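[1] predicted model, plus sequence, below.
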Amino acid sequence: MHVLVTGATGLVGRALCAELLRAGHRVTALSRSAAPALPAGAEPLRGDPAAAGPWQEVLRSCDACVNLAGEPLAAGRWNAARKRRIRDSRLLSAARAAEAVAAGGPRVLVQGSAVGFYGDRGDEPLTERSAAGEGFLAETCAAWEAAAAPAAARARVVLLRTGIVLAREGGALPRMALPFRLLAGGPIGDGAFWQPWIHLADEVGMILWALGEERAEGPLDATAPAPLRNRELAAALGEALHRPAFLPAPALAVRLALGELADAVTASQRVLPEKALALGYRFRFPEAGPALHDLLR
């Protein structure tokens with residue numbers, strides 16, 4: 001299979017390209033950089049995924065597309081300009097990929113999305129059948145998914161609603177682990193909010209599975225089957241690091257440090273991967289304890 005990957009230099013994109021190559025697939029990696037850092041064997045393609053260009057012709061020659069492009073959410077405090085970049089980078093890249101797919105070529109598009117789609121929902125169990133929530137991220141995710149809809153005219157479209165991706169290097173886990181390493185770890189506030197998470201190996205594994213699983217279509221929650229409350233995740237993290245986990249970070253201090261981004265960090269989302277489980281995806285790390293031990297050993 002010839003797969004074009006956008007967002008190929010990001011945390012998930014790099015791991016996905018490497019795994020696709022190990023599985024014997026041909027990989028073209030789209031990047032705005034002239035010399036992106038890619039796994040050996042990936043074919044670099046320069047272009048802006050948010051703008052029309054020659055890269056769309058290359059995409060039309062591929063068998064599949066995985067679109068992971070988007071401005072990082074946690075690259076800094078949110079202001080009007082950063083929120084516009086977060087939204088536009090996602091909507092425009094999804095629309096450009098969908099244009100190319102709808103014009104011919106790939107028979108499957110795995111389009112990135114996020115559990116932010118659900119908003120802050122307290123203790124409510126959430127699945128792919130749940131409605132969109134409210135707020136900036138929920139509205140952005142809903143529009144992001146809608147931008148990919150034109151591709152469904154001729155291809156199978158999977159909308160990958162990803163939770164917190166836990167990885168050894170990069171992403172949220174090193175930042176989460178730092179206070180614990182300094183003997184100052186614990187939950188945020190009372191830690192009652194739910195946090196959907198997924199091990200990087202399962203994030204990549206689910207994308208590979210979705211590329212080949214013809215029954216996988218539409219929204220697909222990329223989260224482990226055992227979401228945890230923040231205080232439970234903190235306890236598991238402390239246990240994996242052999243550090244105490246009883247010093248809570250005051251919610252007010254988190255808001256002062258992060259601004260509006262704190263709303264996304266502390267949103268309660270009890271997301272369950274109903275569709276993946278029903279279709280037979282087998283998680284390598286369904287529980288947080290073994291996942292954290294694997295990543296932090």
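    Sure, I can see it.

[2] contacts and neighbour counts: CA atoms only from here.
    Noted.

[3] can you give me the neighbour number for residue 59?
    23 (other C-alpha atoms under 10 Å).

[4] can you find the helix or strand in this protein with the smallest mean pLDDT?
    Taking mean pLDDT, DSSP states H and E as the measure, the chain has helix 251-258 as its least confident helix or strand, at a mean of 83.

[5] which SSE is residue 8 in?
    Counting by DSSP states H and E, no helix or strand carries residue 8.

[6] got a pLDDT number for it?
    pLDDT, residue 8: 93.

[7] contacting residues for it?
    Listed by C-alpha atoms under 8 Å, 6 or more residues apart in numbering, the contact set of residue 8 reads 14, 16-17, 29-31, 38, 68-69.

[8] still on that earlier bit, just the CA trace of the least confident helix or strand of the chain, in CSV.
    The C-alpha coordinates for helix 251-258 follow below in CSV (Å, rounded to 0.1, in the frame of the first residue of the first chain):
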residue,chain,number,x,y,z
ALA,A,251,-6.7,24.4,39.9
LEU,A,252,-6.3,28.2,40.2
ALA,A,253,-2.6,28.0,39.7
VAL,A,254,-3.1,25.8,36.6
ARG,A,255,-5.5,28.4,35.1
LEU,A,256,-3.1,31.2,35.8
ALA,A,257,-0.3,29.3,34.2
LEU,A,258,-2.2,28.1,31.1
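
[9] report the buried residues of it.
    251, 254, 258 (16 or more other C-alpha atoms under 10 Å).

[10] out of these, which one sits closest to residue 79?
    Within the buried residues of helix 251-258, distances to residue 79 taken as C-alpha to C-alpha reach their minimum at residue 258, with 11.0 Å.

[11] so the nearest residue to the closest one once chain neighbours are set aside: helix, strand or coil?
    The shortest distance from residue 258 to any non-neighbouring residue, by C-alpha to C-alpha, 6 or more residues apart in numbering, is to residue 77 (5.8 Å). Counting by DSSP: H, G, I helix; E, B strand; the rest coil, the backbone at residue 77 sits in coil.

[12] now residue 77: how far from residue 262?
    Taking C-alpha to C-alpha, to the nearest Å as the measure, residue 77 falls 9 Å from residue 262.

[13] these two: which has the busier surroundings?
    In terms of neighbours (other C-alpha under 10 Å), residue 262 is the more surrounded of residue 77 and residue 262; the figures are 19 against 14.
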